[in-house]
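J.: just a sequence and a predicted model for now, questions to come.
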Amino acid sequence: NAGVTQTPKFQVLKTGQSMTLQCAQDMNHNSMYWYRQDPGMGLRLIYYSASEGTTDKGEVPNGYNVSRLNKREFSLRLESAAPSQTSVYFCASSPRHISGNSPLHFGNGTRLTVT
Amino acid sequence: AQSVTQLGSHVSVSEGALVLLRCNYSSSVPPYLFWYVQYPNQGLQLLLKYTSAATLVKGINGFEAEFKKSETSFHLTKPSAHMSDAAEYFCAVSVAYDGSGNTGKLIFGQGTTLQVKP
């Protein structure tokens, strides 16, 4: 079982460059999420998609955009990368968002460095 | 809004000793509480969750946590640490509905790194 797959695993960008982080899940989950992980700050929600066709902002959405391409795929785009966006990015999915008690299934992360 | 505070960013125990990782939460409505574990260079895995059934929750790998409403706590314990328990542990909270747009959002604590000494 693949679960949640993220690509790429590692990426180095120069300030101002753009890139898209890809995420796909094969569990037929309705909800998908993007988090960033920074030392001492835990995981912070960037954007989420409660169901196919909807997206909403999380705690730290500035500088990012998302696309829920279909039920399986949820991409995160950095239009103009900044050093402050150096982080580890995790995609996650869950069966349902609205109930609040569905655990998240995480991918293995994308380690992004912006120089 | 909900929040989570994990007391202690690093905890060190000897192999075979009790593991206690502390988590306190804040929520205006009844919460759902989770513990996740992250091994190096991997994503997070669910250890256990509290969803308003039994207050003592048993998870994988011998871990358990007790929901104490009066103390707003959800501490994680394991009677005897194993070397393979060395990892980072995250406590998280979500709610079904709180009237302020936080429905379903999972809010994480800062994480606690567990070191197990031989």
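T.: Perfect, thanks for sending it.
J.: excluding chain neighbours, what is closest to the closest residue to chain B within chain A?
T.: For chain A, the residue closest to chain B is A:F106, as judged by CB to the nearest CB, at 3.3 Å. Any C-beta I mention is one placed from the backbone N, CA and C, and that applies to glycine too. Leaving aside its sequence neighbours, A:F106 sits nearest to B:G43 (CB to CB, 6 or more residues apart in numbering or on different chains; 3.3 Å).
J.: give me the neighbour count for that neighbour.
T.: 22 (other CB atoms under 10 Å in any protein chain shown).
J.: that one touches A:V4, doesn't it?
T.: Yes. B:G43 sits in contact with A:V4 when judged by CB atoms under 8 Å, with a separation of 7.3 Å.
J.: what do these two both touch?
T.: Listed as contacting both B:G43 and A:V4 by CB atoms under 8 Å, 6 or more residues apart in numbering or on different chains are A:92, A:106-107.
J.: reformat these as a markdown table; add distance to B:L76, secondary structure and pLDDT.
T.: Output for the shared contacts of B:G43 and A:V4, formatted as a markdown table (distance: CB to CB, whole Å; DSSP: H, G, I helix; E, B strand; the rest coil; pLDDT from 0 to 100):
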| residue | distance to B:L76 | secondary structure | pLDDT |
| --- | --- | --- | --- |
| A:A92 | 20 | strand | 94 |
| A:F106 | 18 | strand | 93 |
| A:G107 | 24 | coil | 95 |
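J.: out of those, which are buried?
T.: A:92, A:106-107 (16 or more other CB atoms under 10 Å in any protein chain shown).
J.: so where's the chain uncertain?
T.: Assuming you mean chain A. Applying pLDDT under 70 to chain A flags the ranges A:1, A:98-100.
J.: looking at chain B here, not the other one
T.: Using pLDDT under 70, chain B drops low at B:96-104.
J.: show me the beta-bridge partners of the most centrally placed residue in chain A.
T.: The centre of chain A sits closest to A:W34, judged by CA atoms, centre = their mean, with a distance of 2.5 Å. Beta-bridge pairing of A:W34 under DSSP bridges involves A:Y47, A:C91.
J.: up against chain A, what does chain B have?
T.: Contacts of chain B with chain A, taken as CB under 8 Å from any CB of the partner chain, map to B:4, B:9, B:32, B:34, B:41-46, B:49, B:51, B:90, B:94-97, B:103-111.
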